[in-house]
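Undergrad: Structure here, sequence nowhere to be found:
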């Protein structure tokens, strides 16, 4: 069966939503069933960027709640990381003439990951996160180019692992890699 990349994103979104609902203890019979076409690929990419970032934060044993109080700028690093993941999840969509919506994604991501914050903090996180995102995207140093390549490969591997039963690894096997990449980003901006 041939499946487009946008269909893979939508399928993985549906799978991850079902897993999250199951982990929350919801009865599988109460889960809303949708057709694959009803899961928009950009919505899927935004959700997956949030989910990957939250799992990477947890795996790194970091605490955005504490950092909100004692190291607020670190929240913008998480925002930048999530936007980088979103970018790499959406790059292949260009082949299907689907363009990412960075503004909408950044707002959804900040509200999802930092739900306990308010509008002023969200605006600050988005502004600072966007600045960091652009710095990383524009950086020409070899270590940043390698970082972007590694994150790109990890994002695509996550989609493939979640949607192809023939891969030798599970999508959850990639969370330590995302966590390591997040930690590198945190270290880079902690040293500024």
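TA: That came in fine, so what should we check first? Just so you know, these numbers come straight off a predicted model, no measurement behind them.
Undergrad: who's in contact with the residue nearest the centre of the chain?
TA: With distances taken as C-alpha atoms, centre = their mean, residue 49 lies nearest the centre of the chain, 1.6 Å away. Shown in contact with residue 49 (C-beta atoms under 8 Å, 6 or more residues apart in numbering): 82-83, 85-86, 89, 105, 109. In short, each C-beta sits where N, CA and C put it, glycine included.
Undergrad: residues contacting residue 78?
TA: Residue 78 touches 53, 57, 64, 113, 129, 182, counting by C-beta under 8 Å, 6+ apart.
Undergrad: let's see 10 Å
TA: Counting by C-beta atoms under 10 Å, 6 or more residues apart in numbering, residue 78 touches 53-54, 56-57, 62, 64, 67, 109-110, 113-114, 125, 129, 132, 182, 185-186.
Undergrad: That one in helix, strand or coil?
TA: helix (DSSP: H, G, I helix; E, B strand; the rest coil).
Undergrad: and the helix or strand where residue 85 lies, what's its mean pLDDT?
TA: Using DSSP states H and E, the element containing residue 85 is helix 73-90. When pLDDT is averaged along helix 73-90, the result is 95.
Undergrad: how about the residue nearest to the centre of the chain, secondary structure?
TA: Quick answer, by three-state DSSP: residue 49 is helix.
Undergrad: Can you tell me how far it is from residue 20?
TA: Separation of residue 49 from residue 20 (C-beta to C-beta, to the nearest Å) stands at 15 Å.
Undergrad: buried stuff in the helix or strand bottoming out on mean pLDDT in the chain?
TA: Sorting the helices and strands of the chain by mean pLDDT, DSSP states H and E puts helix 64-70 at the bottom, at a mean of 82. Going by neighbour count (16 or more other C-beta atoms under 10 Å), the buried part of helix 64-70 is 64, 67-68.
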